[in-house]
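Participant: Curious how this folds, go ahead:
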Amino acid sequence: MFNVRRLTVRENVLQMAFKQGGEFGKIIWKSVIDEPDLIAAKAIYHHDCYVTFSRTTSTSAQKRAQPNQTHPTHPT
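Facilitator: All right, here's what the predicted structure looks like:
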C-alpha cells in the first residue's frame, strides 16, 4: 500500500477512469471526483493495481479509438 504523494494522481486516475468507460470506470471516477485533495484525504493505493488499471485503460482507449466505434461518454 502506498500513500498518494502527488496531486497529479487524482487527475491521472480520473483520466484513466474516463478512458476505461463502462461500469468499472464510472465507479472509480465517482469515488475520486468529489475528493479534490487525495493527499489531505490520506488516500492509499496498491501499486500493482494502479499499474494494472493504467495498462487496462490504455488498451481500452486504443480499442475505442478504432473506426466505427463510439467514444465513451463522461461518467455522471
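Participant: helix, strand or coil for the residue nearest to Arg6 when sequence neighbours are not counted?
Facilitator: Nearest residue to Arg6, sequence neighbours excluded (CB to CB, 6 or more residues apart in numbering): Ile39, at 7.7 Å. Backbone N, C-alpha and C define where each C-beta goes, glycine included. Using DSSP: H, G, I helix; E, B strand; the rest coil, the structure places Ile39 in coil.
Participant: And for Ile39, the neighbour number?
Facilitator: The burial count assigned to Ile39 is 13, neighbours taken as other CB atoms under 10 Å.
Participant: and if you look at Ile44?
Facilitator: For Ile44, the neighbour count with other CB under 10 Å is 10.
Participant: hang on, the earlier thing: and the residue nearest to Arg6, backbone torsions?
Facilitator: Ile39 adopts backbone torsions of phi -70, psi -50, taken as degrees, to the nearest 10.
Participant: got it, and the one 5 residues further on?
Facilitator: Backbone torsions for Ile44, taken as degrees, to the nearest 10, come to phi -130, psi 160.
Participant: Who are the contact partners of it?
Facilitator: Met1, Phe2, Asn3, Val4 (CB atoms under 8 Å, 6 or more residues apart in numbering).
Participant: All the helices of the chain, residue numbers only.
Facilitator: 8-20, 22-33, 47-64 (DSSP state H).
Participant: Could you dump the ones you listed into a markdown table and include mean neighbour count?
Facilitator: Formatted as a markdown table, these follow (neighbours: other CB atoms under 10 Å):
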| stretch | mean neighbour count |
| --- | --- |
| helix 8-20 | 18 |
| helix 22-33 | 15 |
| helix 47-64 | 13 |
